[in-house]
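Peer 1: Quick one: sequence plus predicted model below, questions after.
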Amino acid sequence: MKIVAVTACPTGIAHTYMAAEQLEKTARRLGHTIKVETQGSMGIENELTPEDIVEASCAIFAVSLPVRNVERFAGIRIVEVPVQEALRNPEAIFAQLDR
Amino acid sequence: MELQFVFPLAAGLHARPAGLLQEQVSRFRSAITLVNNANGAVADARSTLALVATITEKGDPCTLRIEGEDEGRAFAALKRFVEDVLPHADDGIPSAPVFAPEERCIPRVLRGAPALTGNPVSSGLALGHACVLSALDPFAVIPGGPAGPPAQEEAVFQRAVNSIGGEIEQMLQKRPGGTRSAILKAHLSILRDHGFAVKVGELLAAGKISAGRATAEAARHFEEIFRHARSAYLQERAGDIRDIAGRLVTAMYGAGTAGQMLGEEAVCVADNLSPSEYLSLDRRYLMGLVLARGGTTSHTVILARAEGIPCITGVQDAHRRIGEGEEIILDARRGLVFLRPVPEVRRFYEIESLTIVRREAAVAGFISLPGVTADGKKLEVAANAASLGDVQAAFRNGAEGIGLFRTEMLFADRAEPPGEDEQTAVCAAAVLAANGKPVIFRTLDAGGDKPLRYLPLLEEENPSLGYRAIRMYEDFPAVIDTQIRAILRASAHGPVKIILPMISGISELRAQKMRVQRCTAELVKQGIPCDTAIPVGIMVEVPSVLFQMDLLSAEADFFSIGSNDLTQYLLAVDRGNDKVEKLYSSWHPSLLRSLQLAVQGAHRHGRWVGICGEMAGWERALPIFVGLGIDEISVTPRRIPWLKAALRGLTSSECVEVTAAALAAETPEDVERLLGSYLLKLARFGLTDAGLVRLDSPAGTKGEVIRELVSLLEAAGRVDDADLTEEDVWQREDTAPTGVGYSIAIPHCRSGHVRAASIAVLRTAAPVPWNSGGEPVLLAILIAVPEGGRDDDHLKIIARLARRLVHEEFRAGLMSAQDPEAVIRLLERETAV
């Protein structure tokens, strides 16, 4: 499956990046393709393009802040979880996608 | 003959000034009496105690009546004394701190721990055992039996006076000068006081009373008078008399029960402590003082402050609540005393004292060195001050001058402006404390956001563009003339300069220079000494000044850049307005170009330029100041050693290069990035180093772990305020604890109290509970990032560190590292960008 994701946390220092790494790692293991945009202290990085989003079958928001430029995701299925969830239990997030 | 005067000293006529007056009077044969016309009290001026007993306070109209053969000479001498010496009698005595305890956050570990509280009057930290000094009741040793004949008792009294006098004189000879000797002299004058001797004589003559009893009674008589004084300062003087009387009685009959000797290090606890009791303590062993009373101005407190002994007063019933030999922690920074501290509190202070030692050691060597770069380019490091206490702190920290003395505090919170003598006393004391180094006084900068009760408060749409500073001077000539005269009078004591706030053009400068010249001429005419060629400079804060530097340099003697106001006026941004605040940045390339205009304009005419705004204290801005050739920075006293240390890491040629790049930069962010990476290159502050790593910490609670991590940053000089940084870390924890599983927590903060992006690592010997109900933690990594400007190089590394933590091999490496160097090697290898 092709997945896009966004991670963001209040200070944008740590959890944003840990969650991104964890999602990438877990996706690889489960055989998915994923691109994760981080919205952290350095602004938006690894930004998702309209093509990325169109091609994806769903989006994961692992965030404890509102996602910036959320209108990009109109028309795509979104699974939103608290950012800590991506650290603690990433498999469960991917399990939700299959449902 | 009669000499009229108004009593000038804020503390009232206490023993020191009274002693000085008595000394003058004793040179003449005339009978001289002091009359306090406010309360009708009359005293023989040959008696210090009688003088003090007139309870003369500031502003009381007084008369000195002089009658006798040499009354003419006496009158002339006393007139000089009253006008020139008396107003300065209290100068140079360390002043009590102003009690405006900033709203400090008590660190979490300490919250809830039972503590006694008091007024911190002399800052510091002491860990040790309590030595409770029982109140010395000298009169308890007076024998109860029948007294000898009056002549014999009189001789006993005289012998005691001579013996104590000899002791005090010996102490004076050993170390003349300073606060200690001023107090000893005051005691000597009480001891040899005419009025005291007369009172004892009267009591003895009445018969059936021993010398000891008469001494005690005479002391009680004067003590009683002082206790009724309005001024707390005079009330506290009662202790000095009791002290002397006690020593006399001890000399007559031997020591009482209380004169404990300190045989080992101890924190002394007492109801109150007299100055001589204090001086009799072996200060090699005296770690701190906890007093139940003692006020904030008692001689004991003044001595403790002068000698750097941590002290808090007003700890209710301290001597009864604290047991002899009890373990005690005195925190005279925060005003707390802990008895039999619980292990967490003890560990907190062990870490704190280690941190203080490490911090001070890191920069102590720089205090006495001049401000200069590695290649020898000078940049004077001076201090900003608003009070005498600030001035003293400045020179303790190695200030090379006072670059800006803000005089507003003298005028604030009172019904009327301060008089000339009061202002002169403060300014002169500041100049004396500077001991030959220059002091720059800024004339009143009121109005705008700093209203004063006795000046009109206008409803202005735009106060900072309105009626403030020199713009008000024309309407209040008396207030300003008085201030200028006071500053001029202070200039008789050492180098002084005047700086004018809010000058926008040449006519304003000319008008104020004329005022200074007129005031100087008046003083000269009155025969009052002052610097008749006092330098007059202007603040560079209104941008119009920048474009007339050529004209202004011809008439202003020097310049000081007020970078806060200059930034606000240049960028047209009100810092207090949330909506536009983000536009306010002293890193704006236009501001840097303004600094360049100011420096070039002034130097072309051989004038000197300093900078005294907030940015003057920014380590990161130092390369710009050096590169531009600024002559002086004026900063908060405690920043001085740090800035001197940082300055010595810079070379002027590199600074010139960086400055050129910064001046050419497009945005404030570019400037900041440029300087950030330059300093990083200098390795002033890498992101982390082995000093920020501690393995096998005994910390047992989350609070202890966080404190220890913050202390690692504090010891390295990476935070401005550890308590406030810790609070910022906690605020993040309070929203959601930062345990991330795998026995790891990553507490972090973005904080205005953090100076440089930093990573600190603490591994605990035993698991520590972190998230409630979650997995305990063995490894905590603190990530602290400064507020404001982005520092992408560091943030990238931090982001990468966060990503690496997800990987087990990396975590295992951290968990098993043998020493701090191994942790650093691992971090460097795995997070290299």
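Peer 2: Received it, and whenever you're ready, just let me know what you need. Residues are numbered from 1 along each chain as shown, chains lettered A, B, ... in the order given.
Peer 1: Name the residues that touch stretch B:30-43?
Peer 2: Stretch B:30-43 is contacted from outside by B:7, B:21, B:25, B:44-46, B:50-51, B:53-57, B:60-71, B:74, B:78, B:195, using CB atoms under 8 Å, 6 or more residues apart in numbering or on different chains. (Glycine included, C-beta is placed from N, CA and C.)
Peer 1: If you could redo that for stretch B:651-660, that was the one I meant.
Peer 2: Here stretch B:651-660 has contacts from B:373-375, B:377, B:592, B:622-624, B:626-628, B:674-675, B:678, using CB under 8 Å, 6+ apart.
Peer 1: Give me the distance between B:G246 and chain A.
Peer 2: 61 Å (CB to the nearest CB, to the nearest Å).
Peer 1: residues of the helix or strand encompassing that residue that come out buried?
Peer 2: If you go by DSSP states H and E, B:G246 is part of helix B:232-253. Using 16 or more other CB atoms under 10 Å in any protein chain shown as the test for burial, helix B:232-253 gives B:233-253.
Peer 1: Now the element after that helix, going C-ward?
Peer 2: strand B:266-270.
Peer 1: which helices and strands does that next one pack with?
Peer 2: strand B:125-133, strand B:286-291, helix B:318-321, strand B:327-331 (3 or more CB pairs under 8 Å, 6 or more residues apart in numbering or on different chains; DSSP states H and E).
Peer 1: Would you mind writing the CA trace of the second one as CSV?
Peer 2: Written as CSV, here are the backbone C-alpha positions of strand B:286-291 (Å, rounded to 0.1, in the frame of the first residue of the first chain):
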residue,chain,number,x,y,z
LEU,B,286,31.4,30.4,59.7
MET,B,287,29.5,29.1,56.7
GLY,B,288,26.3,31.0,57.1
LEU,B,289,24.0,32.9,59.5
VAL,B,290,20.4,32.4,60.3
LEU,B,291,18.9,35.1,62.5
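Peer 1: and the helix or strand following that strand, average pLDDT?
Peer 2: Remark: after strand B:286-291, the chain's next helix or strand is helix B:299-307, criterion DSSP H and E. Averaged across helix B:299-307, the pLDDT comes to 73.
Peer 1: With stretch B:697-706 instead?
Peer 2: pLDDT averaged over stretch B:697-706 gives 91.
Peer 1: Quick check: end-to-end length of it?
Peer 2: Stretch B:697-706 has an end-to-end distance of 12 Å (CA to CA, to the nearest Å).
Peer 1: Show me which residues of chain A sit near chain B.
Peer 2: Contact residues (CB under 8 Å from any CB of the partner chain) of chain A with chain B: A:10-11, A:13-18, A:20-22, A:25, A:38, A:40-42, A:64, A:84, A:87-88.
Peer 1: 10 Å instead, please
Peer 2: With CB under 10 Å from any CB of the partner chain as the criterion, chain A comes near chain B at residues A:9-26, A:38, A:40-43, A:45, A:64, A:82-84, A:86-90.
Peer 1: Count residues in the vicinity of residue 44, would you?
Peer 2: In the absence of a named chain, chain A is used. 14 (other CB atoms under 10 Å in any protein chain shown).
Peer 1: Chain B, not that one
Peer 2: B:D44 has 17 neighbouring residues, counting by other CB under 10 Å.
Peer 1: And it, how far from A:R28?
Peer 2: Going from B:D44 to A:R28 by CB to CB, to the nearest Å gives 99 Å.
Peer 1: can you put the contacts of stretch B:651-660 in JSON lines and add distance to chain A and secondary structure?
Peer 2: Converted to JSON lines, the contacts of stretch B:651-660 look like this (distance: CB to the nearest CB, whole Å; DSSP: H, G, I helix; E, B strand; the rest coil):
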{"residue": "B:T373", "distance to chain A": "33", "secondary structure": "coil"}
{"residue": "B:A374", "distance to chain A": "33", "secondary structure": "coil"}
{"residue": "B:D375", "distance to chain A": "36", "secondary structure": "coil"}
{"residue": "B:K377", "distance to chain A": "36", "secondary structure": "coil"}
{"residue": "B:L592", "distance to chain A": "25", "secondary structure": "helix"}
{"residue": "B:L622", "distance to chain A": "25", "secondary structure": "helix"}
{"residue": "B:P623", "distance to chain A": "24", "secondary structure": "helix"}
{"residue": "B:I624", "distance to chain A": "25", "secondary structure": "helix"}
{"residue": "B:V626", "distance to chain A": "30", "secondary structure": "helix"}
{"residue": "B:G627", "distance to chain A": "28", "secondary structure": "helix"}
{"residue": "B:L628", "distance to chain A": "31", "secondary structure": "helix"}
{"residue": "B:L674", "distance to chain A": "17", "secondary structure": "helix"}
{"residue": "B:L675", "distance to chain A": "18", "secondary structure": "helix"}
{"residue": "B:Y678", "distance to chain A": "20", "secondary structure": "helix"}
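Peer 1: So which of the contacts of stretch B:30-43 belong to strands?
Peer 2: B:44, B:61-67 (DSSP state E).
Peer 1: could I have the helix holding B:G246 exported to CSV, CA atoms only?
Peer 2: Taking C-alpha atoms only, helix B:232-253 is exported to CSV below (Å, rounded to 0.1, in the frame of the first residue of the first chain):
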residue,chain,number,x,y,z
ALA,B,232,14.0,50.9,61.9
TYR,B,233,17.7,51.7,61.4
LEU,B,234,17.9,53.6,64.7
GLN,B,235,16.0,50.8,66.5
GLU,B,236,18.5,48.3,65.3
ARG,B,237,21.3,50.5,66.8
ALA,B,238,20.1,49.6,70.3
GLY,B,239,21.9,46.3,69.7
ASP,B,240,25.2,48.2,69.4
ILE,B,241,24.9,49.6,72.9
ARG,B,242,23.9,46.3,74.4
ASP,B,243,26.9,44.8,72.7
ILE,B,244,29.4,47.3,74.1
ALA,B,245,27.9,47.1,77.6
GLY,B,246,28.1,43.3,77.4
ARG,B,247,31.8,43.5,76.6
LEU,B,248,32.4,45.9,79.4
VAL,B,249,30.8,43.6,81.9
THR,B,250,32.7,40.6,80.5
ALA,B,251,35.9,42.5,80.9
MET,B,252,34.9,43.2,84.5
TYR,B,253,33.8,39.8,85.6
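Peer 1: if you average pLDDT over it, what comes out?
Peer 2: Average pLDDT, helix B:232-253: 78.
Peer 1: so what secondary structure elements neighbour that helix?
Peer 2: Helices and strands touching helix B:232-253, by 3 or more CB pairs under 10 Å, 6 or more residues apart in numbering or on different chains; DSSP states H and E, are helix B:15-25, helix B:48-52, helix B:150-174, helix B:178-191, helix B:194-205, helix B:211-227, helix B:275-280, helix B:299-307.
Peer 1: quick one, longest helix in chain A?
Peer 2: helix A:15-30 (DSSP state H).
Peer 1: For the next helix or strand after it, name the packing helices and strands.
Peer 2: Per DSSP H and E, helix A:15-30 leads on to strand A:33-40 as the next helix or strand towards the C-terminus. Packing partners of strand A:33-40 (3+ CB pairs under 10 Å, 6+ apart): strand A:2-8, helix A:15-30, strand A:43-45, helix A:50-55, strand A:58-63, helix B:792-804.
Peer 1: Include distance to B:E153 when you put these into CSV, please.
Peer 2: Output for the helices and strands packed on strand A:33-40, formatted as CSV (distance: least, CB to CB, whole Å):
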stretch, distance to B:E153
strand A:2-8, 89
helix A:15-30, 85
strand A:43-45, 90
helix A:50-55, 106
strand A:58-63, 91
helix B:792-804, 80
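Peer 1: Take these and lay them out in JSON lines including mean pLDDT and distance to B:D445.
Peer 2: Formatted as JSON lines, these follow (pLDDT from 0 to 100; distance: least, CB to CB, whole Å):
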{"stretch": "strand A:2-8", "mean pLDDT": "95", "distance to B:D445": "45"}
{"stretch": "helix A:15-30", "mean pLDDT": "94", "distance to B:D445": "45"}
{"stretch": "strand A:43-45", "mean pLDDT": "92", "distance to B:D445": "40"}
{"stretch": "helix A:50-55", "mean pLDDT": "94", "distance to B:D445": "57"}
{"stretch": "strand A:58-63", "mean pLDDT": "95", "distance to B:D445": "48"}
{"stretch": "helix B:792-804", "mean pLDDT": "82", "distance to B:D445": "38"}
